[in-house]
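**Student:** Kindly return the folded structure for what I paste below:
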Amino acid sequence: MLKSDDLINKVKTYNKFLNPETLSKAYKFAVKAHADQKRHSGDPYVIHPVAVADILTELKLDSATIATGLLHDTIEDTHATYNTIAKEFGKEVADLVDGVTKISVLENQANSSTKAENFRKLILATSKDIRVLLVKLADRLHNMRTIDAIENKEKKERIAKETMEIYAPLADRMGMNRIRDELEDLSFGVLNTKAKKMIKDRLDDIKDKNLLNFKNLSEEFQKILKEKSLKSKIFGREKTTFSIWRKIQKKRTSLEQITDIMGFRIIMDNIEDCYKALGIFHSKYNCIPG
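**Tutor:** Model prediction:
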């Protein structure tokens, strides 16, 4: 579990105006409030809010949001009240924690006949501050990362389905592609374990046979462009098992025909250089028709 000082130091790397006392106080409050609680895994419950706060620091969010990450379950699961949080941490943090609590209440009240689209609208309508949704997405992401600790198969599948139908599309609408991809992939692993394993085995096989990895390919692309005196920035990622599965379903193709396992984005200084780079890559590699 991330220690209080380590969390504060992570925030300091991007927020020079941080008041460390608030985060330290929120950390201690969460530890004390959840002291007697355990997760499904048997670990101390406080591991969860600390992990949520850590995810929020990766998104470089403000200290009020990170404090909310630490405190997000206190009103719902402990003796703490809205007034307690407001008194200790101010109205801003109390309102954010209350907002996250309201979404959790909606979750628990929603039945299987509730349409995902209506629920998404309901969440948006009850979230006056976008930071409430950011905390909720971080909360759901950590819950999905640790979902294997839940032994009840039906409960796992219900959470995964809810994540796939509600939280992944929410992350998508907010432009949080990395979180959307991870939520989809983790849900896919629960809802279709066999398909995920089959695709992962295929990806590993392609990479092993061709010695493919992102670092090697990036360096190769940069070397090719540098030889032609072109400056570039290269970004990329490995495709997720779920995105490959979706492509197989959409194109009605077989897994053996899938070769598109990594995506790269090459940023040039101007449009002219883009066309030069395109020409260089077309002359270096074979183009796949269509």
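**Student:** Could I get the full set of helices for the stretch 101-250 of the chain?
**Tutor:** Ranges of helices in the stretch 101-250 of the chain, per DSSP state H, counting those that start in this stretch, are 116-126, 130-145, 153-162, 168-173, 177-191, 193-210, 214-227, 241-251.
**Student:** Below-threshold pLDDT in the chain: ranges please.
**Tutor:** For the chain, residues meeting the criterion pLDDT under 70 lie at 110-115, 209-212, 256-259, 290.
**Student:** Now do the SS call for F264.
**Tutor:** strand (DSSP: H, G, I helix; E, B strand; the rest coil).
**Student:** Please name the bridge partners of it.
**Tutor:** Beta-bridge pairing of F264 under DSSP bridges involves G236.
**Student:** In contact with it, which residues are there?
**Tutor:** L217, S218, F221, I234, F235, G236 (Cβ atoms under 8 Å, 6 or more residues apart in numbering). All C-beta atoms are positioned from the backbone trio N, CA, C, and that covers glycine.
**Student:** measure the fourth one to K251 for me?
**Tutor:** It stands for I234. The gap separating I234 from K251 is 27 Å, by Cβ to Cβ, to the nearest Å.
**Student:** between these two, who's got more neighbours?
**Tutor:** Each of I234 and K251 has its neighbours counted (other Cβ atoms under 10 Å); I234 has more, 15 against 10.
**Student:** So that one sits against E220, correct?
**Tutor:** No: if you go by Cβ atoms under 8 Å, I234 and E220 don't touch, sitting 10.0 Å apart.
**Student:** if we compare the helices of the stretch 101-250 of the chain, which one ends up closest to F281?
**Tutor:** helix 214-227 (7.5 Å; Cβ to Cβ).
**Student:** Let's see the closest one as PDB, backbone CA atoms only.
**Tutor:** Provided in PDB are the C-alpha atoms of helix 214-227 (Å, rounded to 0.1, in the frame of the first residue of the first chain):
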ATOM      1  CA  PHE A 214       6.700  -1.500 -28.800                       C
ATOM      2  CA  LYS A 215      10.200  -0.200 -27.900                       C
ATOM      3  CA  ASN A 216      12.000  -2.000 -30.800                       C
ATOM      4  CA  LEU A 217       9.400  -0.800 -33.400                       C
ATOM      5  CA  SER A 218       9.500   2.800 -32.100                       C
ATOM      6  CA  GLU A 219      13.300   2.900 -32.300                       C
ATOM      7  CA  GLU A 220      13.100   1.400 -35.900                       C
ATOM      8  CA  PHE A 221      10.600   4.100 -37.000                       C
ATOM      9  CA  GLN A 222      12.600   6.900 -35.500                       C
ATOM     10  CA  LYS A 223      15.800   5.700 -37.100                       C
ATOM     11  CA  ILE A 224      14.200   5.500 -40.500                       C
ATOM     12  CA  LEU A 225      12.900   9.100 -40.200                       C
ATOM     13  CA  LYS A 226      16.100  10.400 -38.700                       C
ATOM     14  CA  GLU A 227      18.000   9.100 -41.700                       C
END
